[in-house]
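Trainee: have a look at this fold, sequence not included:
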């Protein structure tokens with residue numbers, strides 16, 4: 001999805017203002033503290049909302065994303081937060097390249113869903129980026145959510161200086177939800193219109209667990225996101241935790 005999150009980058013934070021990034025960072029912090037992690041790589045970091053919060057918590061974190069437009073916003077956000085040494089790199093999460101391995105690799109907010117193929121490439125890449133005993137944390141929007149909540153539905157929202165229409169179509173054969181986002185951002189007295197197409201793959205829990213094992217990860221745990229409970233059949237987001245031997 002290298003063509004996605006271009007025009008959308010300028011308005012992403014405004015349109016995602018209802019996301020509880022503080023709570024999300026606190027949730028991930030619980031896993032990271034238990035693992036004794038200090039050095040992190042956040043994949044698909046977007047505009048750096050979680051990256052900055054993890055940096056403020058004291059982690060030595062690097063943000064990586066495939067969209068340079070999103071990373072430009074992230075770098076400004078880090079500077080505004082006083083985190084001048086927080087690095088951001090433009091990298092494909094399926095082909096990570098680090099100077100040295102880290103204690104944990106984190107990928108939040110649907111980063112894995114955007115991998116329409118090559119999810120095992122990401123797992124192998126993350127495995128190689130981790131120290132022995134390192135932790136991989138990632139979440140996905142569940143297959144139930146992509147098919148029954150987002151799929152074949154249209155959503156719209158407005159704010160003081162933005163608006164969007166979000167049209168989705170689920171394809172059972174591909175196990176994929178195609179998304180057409182039409183947005184409007186205020187620029188001076190007028191609004192600029194943009195349009196982006198996104199797609200997300202509906203992975204199920206068993207499929208991802210098997211792929212993690214095939215790539216060498218052990219101790220795989222799956223939770224309903226933002227809890228430590230096993231996910232129910234209608235859980236909308238699944239949180240995975242896995243260890244490198």
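Mentor: Great, that's in hand. Computed from a predicted structure; not experimentally measured.
Trainee: how is this structure carved up into domains?
Mentor: As recorded under automatic domain parsing, the domains making up the chain are 7-141+203-244, 144-201.
Trainee: of these, flag the one that's most buried.
Mentor: Compared across those, domain 7-141+203-244 shows the largest average neighbour count, a mean of 18 (mean count of other CB atoms under 10 Å). Quick note: C-beta positions are derived from backbone N, CA and C, even for glycine.
Trainee: which helix runs longest in this structure?
Mentor: What stands out as the longest helix in the chain, according to DSSP state H, is helix 21-35.
Trainee: by contact count, what packs against that one?
Mentor: Packed against helix 21-35 by the contact rule (3 or more CB pairs under 8 Å, 6 or more residues apart in numbering; DSSP states H and E) you find helix 49-56, strand 102-107, strand 130-141.
Trainee: other residues contacting the helix or strand following it?
Mentor: Going down the chain from helix 21-35, the next helix or strand is strand 39-43, by DSSP states H and E. With contact meaning CB atoms under 8 Å, 6 or more residues apart in numbering, strand 39-43 is reached by 32, 50-51, 54, 59-65, 93, 96, 98, 102-108, 111, 122, 126, 129, 138.
Trainee: quick one: average pLDDT of strand 39-43?
Mentor: Averaged across strand 39-43, pLDDT comes to 98.
Trainee: partner strands of that strand, with direction?
Mentor: Looking at strand 39-43 with DSSP bridges, its partner strands are strand 60-65 (parallel), strand 102-107 (parallel).
Trainee: what mean pLDDT would you report for the last one?
Mentor: Per-region confidence: strand 102-107 scores 98 on mean pLDDT.
Trainee: residue 211 belongs to a helix?
Mentor: Yes. Secondary structure of residue 211 (DSSP: H, G, I helix; E, B strand; the rest coil): part of a helix.
Trainee: residues contacting it?
Mentor: Each residue near residue 211 by CB under 8 Å, 6+ apart is listed here: 119-120, 123.
Trainee: out of those residues, which is nearest to residue 85?
Mentor: residue 123 (29.2 Å; CB to CB).
Trainee: what's the closest non-adjacent residue to the closest one?
Mentor: Closest residue in space to residue 123, ignoring its immediate chain neighbours: residue 215 at 4.0 Å, by CB to CB, 6 or more residues apart in numbering.
Trainee: for that neighbour, what are its contacts?
Mentor: For residue 215, the contact set (CB under 8 Å, 6+ apart) comprises 120, 123-124, 127.
Trainee: inside strands: which ones of those?
Mentor: Of these, none are assigned to strands by DSSP state E.
Trainee: where does residue 193 land in three-state SS?
Mentor: Put simply, residue 193 is strand when judged by three-state DSSP.
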